[in-house]
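Undergrad: got a sequence here, can you model it:
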Amino acid sequence: MILESKYWIASLLFGFLFLAGCFPAAPEIGEVTPTAGHQPSPTQEVHLVPEAAAKEPTVISATSTSESKPNPTSTPEVRSETQSQAMILSVKVSGEAGGHNFSVTVSSPDEGCSQYADWWEVISQEGELFYRRILLHSHVDEQPFTRSGGPVSIDPETIVLVRAHMHPTGYGGLVMKGSVAGGFEPTELSEDFALNLAETPPLPEGCNF
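TA: Numbering: from 1, shown residues only. As a prediction, the model looks like this:
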């Protein structure tokens, strides 16, 4: 009887040890239990990058990456709201010495016979009148306009001025200076330069329209 009791106790002890080996103890609070087949990685050393050595961020421009092309130079308006005088824009000369023909382009704020460019003229640097082209009417709907005249008896090397007259405001505006041989370019004249020529014939006898 005693032998059977010892055998029974040994069986219980063996069974308890067997069960304890199959089922691990429950983890304590705060302990992480790894899942099957997963091994925790060792702690990695963290290296802080000094701020001075950090790479600057790339800035992306909002503008187009296509090649920038400059806008073509726009032609300035010949006439403006403040223009009150006739301007000479260009001068072309043809013909032979002593009988040159001038083709002159004028811009003027014409409004009819009450306000219009009434002539252009070729004068010397001293204010002597060489030639005057009378304009018989206004050019309200033709701006700028070109009118030819001649013959103008000057040498090809003679420096002359080409200017326009406005009724009723008189001389002023852009003037061209140059010669038949060297060409013409814009220049400025004083407001009182050769004003007496406004009374020198030939003069307009009226305005047609």
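
Undergrad: for this protein, name the helix or strand with the lowest mean pLDDT.
TA: Lowest on mean pLDDT, DSSP states H and E among the helices and strands of the chain sits helix 2-22, with a mean of 53.

Undergrad: I'd like the next helix or strand past that helix.
TA: As assigned by DSSP states H and E, the chain's next helix or strand after helix 2-22 is strand 87-94.

Undergrad: contact partners of that next one?
TA: 78, 100-108, 120, 144, 162-164, 173-176, 178, 180, 184 (C-beta atoms under 8 Å, 6 or more residues apart in numbering). The C-beta positions use only the backbone N, C-alpha and C, and glycine is treated the same way.

Undergrad: list buried residues within these.
TA: Buried members of the contacts of strand 87-94, scored by 16 or more other C-beta atoms under 10 Å, are 100, 102, 104-108, 120, 144, 162-164, 173-176, 178, 180, 184.

Undergrad: just the ones of these in strands?
TA: Cross-referencing the buried ones among the contacts of strand 87-94 against strands under DSSP state E gives 100, 102, 104-107, 120, 162-164, 175-176, 178, 184.

Undergrad: list the contacts for P202?
TA: 132, 134.

Undergrad: let me fix that, I meant to ask about S153.
TA: Residues near S153 by C-beta under 8 Å, 6+ apart: 98-100, 130.

Undergrad: for S148, see how far away the residue nearest to Y171 when sequence neighbours are not counted is.
TA: Distances taken as C-beta to C-beta, 6 or more residues apart in numbering place H165 nearest to Y171, at 5.7 Å, with adjacent residues excluded. Using C-beta to C-beta, to the nearest Å, H165 is found at 17 Å from S148.

Undergrad: and these two? Which one has more around it.
TA: H165 (24 against 11; other C-beta atoms under 10 Å).
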